[in-house]
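*Asks:* Compute the structure for the input listed below.
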Amino acid sequence: MALASRDTKQQAYELIDRMAPGQVSAVVGLLKVMLDPVARSLANAPYEDEAISEEETRAVAASKEWLKDHEPIPNEEVLAEFGLTQEDFDRMGRTPLEAHGAGQ
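*Replies:* Next up, the predicted model:
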């Protein structure tokens, strides 16, 4: 099995060597996504098939109606209300959360 894996990797190296720089960049981006644990979790997450409630439907309709007469609120403005910056938000997205009740 290890030999087959080594042969496959060697084939990948050889194919990458034949690519144009733009193609290599695209493949690197794809590999990063494939190896990112959050992206992998999302890709493997089960399909959400829960029914949308009446309340949720009304909330979405109300938000669409509100947007007809108002500008969207920038994410930075919403974060600022919580004393956060975009950098804080990005960092939180990369930091695993503790399990509920783990610190107690």
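*Asks:* where does this structure dip in pLDDT?
*Replies:* 1, 3, 97-104 (pLDDT under 70).
*Asks:* what residue is smack in the middle of it?
*Replies:* Centroid-nearest residue in the chain, with Cα atoms, centre = their mean: Ala39, separated by 5.4 Å.
*Asks:* how would you label that one: helix, strand or coil?
*Replies:* What DSSP: H, G, I helix; E, B strand; the rest coil gives for Ala39 is helix.
*Asks:* Not counting sequence-adjacent ones, nearest residue to it?
*Replies:* Val33 (4.9 Å; Cβ to Cβ, 6 or more residues apart in numbering). For glycine as for every other residue, the C-beta is placed from the backbone atoms N, C-alpha and C.
*Asks:* Identify the residues contacting the host helix or strand of the one you found?
*Replies:* Per DSSP states H and E, Val33 falls inside helix 21-35. Here helix 21-35 makes contact (Cβ atoms under 8 Å, 6 or more residues apart in numbering) with 16, 19, 39-40.
*Asks:* Buried only: go through the residues you listed for me.
*Replies:* Neighbour counting over those (16 or more other Cβ atoms under 10 Å) leaves no buried ones.
*Asks:* Make a markdown table from these and add distance to Glu55 to it.
*Replies:* Formatted as a markdown table, those follow (distance: Cβ to Cβ, whole Å):
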| residue | distance to Glu55 |
| --- | --- |
| Ile16 | 51 |
| Met19 | 51 |
| Ala39 | 31 |
| Arg40 | 33 |
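*Asks:* Among those residues, give me the pair with the biggest separation.
*Replies:* Met19 and Arg40 (24.1 Å; Cβ to Cβ).
*Asks:* Which residue ranges make up the domains of this protein?
*Replies:* Using automatic domain parsing, the domain parsing of the chain gives 1-44, 63-96.
*Asks:* sec struct for Glu65, please.
*Replies:* Once three-state DSSP is applied, Glu65 turns out helix.
*Asks:* do you know how far it is from Glu56?
*Replies:* 15 Å (Cβ to Cβ, to the nearest Å).
*Asks:* distance of the residue nearest to Ala39 from Glu55?
*Replies:* 35 Å.
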